[in-house]
Every structure is written in C-alpha cells, then in structure tokens.
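A.B. asks: What follows is a protein structure lacking sequence information:
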Ligand code: LMR
C-alpha cells in the first residue's frame, strides 16, 4: 500500500499537478482479541482516532477486535508476515516468538498495587523487556494496563487446596503454569477466543482474568464463583512490525508516535475504572458469587507460592530479569 502511495506521489510530481492524484492512505491493521468495550479495545479505537487526526488522514487504522481477524498465536505470525501492522498482546504471550522474559511480570504477588506495577512498566525493567523484541523484528511501543487477575470455577476458590485437580485455562505464561501447579491444579494453555465455550462445556473448570474480560466475554455466566484475588497482573505490549514502522516517512511516524503516547495515557488512565465498573456489573448480574480473600487466606496463597520465585528463574530463562524484578517491585 505504501509503495503505491509513493508511486502515485512520484507520478504527480513529474506531471507537475498538485491536485491530480488521490494519495492512498497508509493502512494500519490493528488486531486484538478482546471486546471493544475494554481498556485495550477502547485504547485501540483511541489510537485510530488520534492517528487519523494527527496524520490528516494519511494513515487509516482498521481495528479488528474480539479475535475477528486472528487468534492469540496467529496474530504474532500475522505481524511478522505483514498481514497486520499493530497488536497489543498480553505480555504472557511472547514465549512462542522467543521472548519468555516477559513472563517475569506474571509472578504472583510481586506488585504492590497499580503503583508497584507502574513503577516496573515505566522503569528500566519495562524498557529492557520491550527492547528484547527488537531482535524479533518487532518494535515495542508501550505498555497498556488491564489491572489484576481474578480467578474462578464452579466452586469457591479461597485456599490453595480448593484448586486441587481443577483444570484451569491459562493464556500462555509458564509462570501461571507454575503457580497453578503449586496449588495442585492442572493448567492448560488455550486461546482467549475459546475460553467461554471451554468453561461452558467443562473442557476446563476455571480460569483467571480481569473483571473487564470476565464481563465482556460473559465468563461470569458460566462460573459460579469468582475470587477477586489480584494474584497477578495483566498488561499488554503495544507492538508493531519494525520494518513497517521504520519505513514510514519521518513526519508520519512522528505523528503516530504522538498518537501512541496519547492513546497509551488514555488506556492506562481508564484501566482501573473500567475494571471497577465491570466488577460492579458482574455483581449486579446476580449470576455468580464474588469472593475476596481474607488476610489469612491471602497469606496462605503467598506461602504456597513462595517456591515459584526460584522456579521462575529457569522457566523465564533469565535469573537477572527475575532478580531485578523482585528487587524493584513492591
Ligand atoms: C487472555 O488471553 O486471557 C488475555 O490475554 C486476553 C487479553 O488480551 O486481555
């Protein structure tokens, strides 16, 4: 598409006419797996609005939500082949392309609230992790927040023993695999688009996710009990194909950088309230029972999960990333 635009520009310049050509916009296909009505969904639409505005229509952004274009693993292949130009996968999904270090961010109970998470994402660790994508032909543009995970099943999950023998859907991280195994559960990687049906039919017994995803995917309709455990954090890396991004004319890239920065601020500013609202709506639906952990129950989770920090070093394949994270989080 871009080549066509440049050719058109060249032809018009030769002809010396300023008005005789219709410039083809650069098209950015932005694929993701969640609903429009989530922090990431809204962020993608904000990026579209700002990118089109700042480039004066020279860039057109097509947002494909809800796995309508590609599912989890496929979307990274599509970015690589140039079928899409932007994605915002959970950082738990980068192992298949060889950047498992991101999974350190999935360690349980490492962030002291959103503030602790932000410190890491905006600090040297966050930057270092994004930089690791470069070797894969990917440019990491920003982190988009989606808050802390809840966990659910058709029985109350209050103590580690409650997980014994349950099949739990995880999104890809070996760290999530480790912590659910510590509880005696059987974790299973599955694409996000398949979770509702898997819960409904009993292919898996439970899952973890944030309130906005439970609400928009209707997981709460097929899980009798949800515990707002906040045991791990869900964040996305906003990414683009480096060859595509670096090949853009400098003025357009500058305008897109501005759109990235502002849509990132926007997404991160609504993440918390979107999830609070979603939780309220889940509660109001009356379709599930919501639980919070007592301090003693939370402590029992923390105790049971302590070995995970050591195990993580080999799983993540980088002791320094894990050490740095444990030092700086909190
Ligand atoms: C999941 O697969 O559970 C999440 O990564 C989905 C998402 O993108 O929020």
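C.D. replies: Yes, it's here. Keep in mind that this is a model prediction, so the values were computed, not measured.
A.B. asks: can you list the residues that contact stretch 149-163?
C.D. replies: 166, 168, 180, 182-185, 205-211, 214, 219-220, 223-234, 288-289, 291, 293, 297, 300-301, 304 (Cβ atoms under 8 Å, 6 or more residues apart in numbering). (Glycine included, C-beta is placed from N, CA and C.)
A.B. asks: and the ligand, which of the residues you listed contact it?
C.D. replies: Among the contacts of stretch 149-163, the residues lying close to the ligand (Cβ under 6 Å from any ligand atom) are residue 209.
A.B. asks: Now list the buried members of the contacts of stretch 149-163.
C.D. replies: Neighbour-count burial (16 or more other Cβ atoms under 10 Å) is assigned, among these, to 166, 168, 180, 182-183, 185, 205-211, 214, 219-220, 223, 225-234, 288, 291, 293, 297, 300-301, 304.
A.B. asks: and residue 181, how many neighbours?
C.D. replies: 15 (other Cβ atoms under 10 Å).
A.B. asks: on contacts alone, who are the packing partners of the strand or helix carrying it?
C.D. replies: Element membership of residue 181, judged by DSSP states H and E, is helix 174-182. Applying 3 or more Cβ pairs under 8 Å, 6 or more residues apart in numbering; DSSP states H and E, one finds that helix 174-182 contacts strand 167-170, strand 186-189, helix 295-305, helix 307-316.
A.B. asks: Please work out which of the ones you listed is packed deepest.
C.D. replies: Each of the helices and strands packed on helix 174-182 was scored by mean neighbour count; the highest is strand 167-170, a mean of 22, by mean count of other Cβ atoms under 10 Å.
A.B. asks: Note down every partner strand of it and its orientation.
C.D. replies: Looking at strand 167-170 with DSSP bridges, its partner strands are strand 186-189 (parallel), strand 206-209 (parallel).
A.B. asks: Please give the centre-to-centre distance between stretch 94-112 and its chain.
C.D. replies: 12 Å (Cα atoms, centre = their mean, to the nearest Å).
A.B. asks: can you check stretch 284-299 too?
C.D. replies: 24 Å.
A.B. asks: Any idea what the residue of the stretch 1-150 of the chain found nearest the ligand is bridged to?
C.D. replies: Residue nearest to the ligand within the stretch 1-150 of the chain: residue 90 (3.2 Å; Cβ to the nearest ligand atom). Beta-bridge pairing for residue 90 (DSSP bridges): residue 236.
A.B. asks: In CSV: the helices and strands packed on helix 174-182, plus mean pLDDT.
C.D. replies: Shown next, in CSV, are these (pLDDT from 0 to 100):
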stretch, mean pLDDT
strand 167-170, 98
strand 186-189, 98
helix 295-305, 98
helix 307-316, 94
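A.B. asks: Can you check which of these gets nearest to residue 133?
C.D. replies: The closest of the helices and strands packed on helix 174-182 to residue 133 is helix 307-316. By Cβ to Cβ, the value is 15.5 Å.
A.B. asks: Tell me if the helix or strand containing residue 266 is near the ligand.
C.D. replies: Under the criterion of DSSP H and E, residue 266 resides in helix 250-285. No. If you take Cβ under 6 Å from any ligand atom as the test, helix 250-285 misses the ligand, and the best it gets is 11.1 Å.
A.B. asks: Which neighbouring elements make contact with that helix?
C.D. replies: helix 39-54, strand 59-64, strand 138-148, helix 211-216, strand 289-291.
A.B. asks: how about a cut-off of 7 Å?
C.D. replies: Counting contacts by 3 or more Cβ pairs under 7 Å, 6 or more residues apart in numbering; DSSP states H and E, helix 250-285 packs against helix 39-54, strand 138-148, helix 211-216.
A.B. asks: need the strands for the stretch 1-150 of the chain, in chain order.
C.D. replies: Along the stretch 1-150 of the chain, counting by DSSP state E, counting those that start in this stretch, strands occupy 26-31, 59-64, 86-87, 138-148, 150-153.
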